[in-house]
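No sequence on hand, only this structure:
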């Protein structure tokens with residue numbers, strides 16, 4: 001059985017950083033830009049297991065007013081959008097990064113499930129931890145947990161949401 005070739009962890013890190021900065025830009029199309037605070041979002045951790053089957057990223061971000069609901073907490077739809085975007089970024093750890101190669105377009109959503117457990121108040125930092133559960137030729141399953149923190153760079157206080165994102169590889173589709 002031949003081993004699937006993928007880019008280095010450092011190359012994946014660079015692509016994730018680029019994607020994080022572009023998603024939060026005001027010129028970005030769509031509504032994802034409202035779910036990220038471009039001034040505070042920071043990639044804290046990127047890793048891949050020795051066998052290449054598991055990848056993990058951790059991103060820290062401030063919950064801002066534009067992400068909030070009427071109660072002053074991060075809106076559930078905003079959390080779902082963050083989950084969607086961040087779980088996609090883990091796939092950079094499982095692709096060559098060359099357009100047309102498996103997972104090069106990061107896939108499309110098949111299903112997203114999210115469980116909200118505690119509020120994430122405006123003004124609080126959160127950790128967004130995403131881990132590959134499994135990735136195959138056509139289906140990937142990625143877990144995402146969001147935690148509130150006591151301060152920027154601080155310790156985690158509580159789980160605010162947990163979700164699973166199932167994606168389908170679309171790298172062979174026509175652009």
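Sure, I can see it. From a predicted model like this one, the values you see are computed outputs, not experimental measurements.

so what's the backbone phi/psi at the spatially most central residue of the chain?
Geometric centre of the chain, nearest residue: residue 86, 0.9 Å, by Cα atoms, centre = their mean. Backbone torsions of residue 86, given as degrees, to the nearest 10, read phi -70, psi -40.

is it true that it touches residue 144?
Yes. The criterion here is Cβ atoms under 8 Å, and residue 86 meets it with residue 144 at 6.0 Å. Every residue, glycine included, has its C-beta placed from N, CA and C.

And the nearest residue to residue 79 once chain neighbours are set aside, how far from residue 145?
Closest residue to residue 79 apart from its sequence neighbours, by Cβ to Cβ, 6 or more residues apart in numbering: residue 161 at 5.1 Å. Distance of residue 161 to residue 145, computed by Cβ to Cβ, to the nearest Å: 7 Å.

Looking at those two, which one has more neighbours?
Neighbours per residue, other Cβ atoms under 10 Å: of residue 161 and residue 145, the larger number sits with residue 161, 23 against 19.

Now do the residue nearest to residue 79 against residue 66, distance only.
Relative to residue 66, residue 161 is positioned 18 Å away (Cβ to Cβ).

Give the buried residues for stretch 13-21.
Using 16 or more other Cβ atoms under 10 Å as the test for burial, stretch 13-21 gives 13, 15-16, 19-20.

sorry, back to before: report the beta-bridge partners for the residue nearest to residue 79.
Beta-bridge partners for residue 161, by DSSP bridges, are residue 116, residue 146.

show me the contacts for it.
76, 79, 83, 114-117, 120, 144-146 (Cβ atoms under 8 Å, 6 or more residues apart in numbering).

one more time with 6 Å
The neighbours of residue 161, taking Cβ atoms under 6 Å, 6 or more residues apart in numbering as the test, are 79, 114, 116, 146.

quick one: it from residue 61, how far?
13 Å.

mind showing which ranges of the chain have poor pLDDT?
1-4, 29, 174-175 (pLDDT under 70).

Would you confirm that residue 115 contacts residue 162?
Yes. Residue 115 lies in contact with residue 162 (Cβ atoms under 6 Å); the separation is 5.1 Å.

Between these two, tell me which one has more neighbours.
Under the neighbour definition other Cβ under 10 Å, residue 115 and residue 162 were set side by side, and residue 162 has more, 17 against 10.
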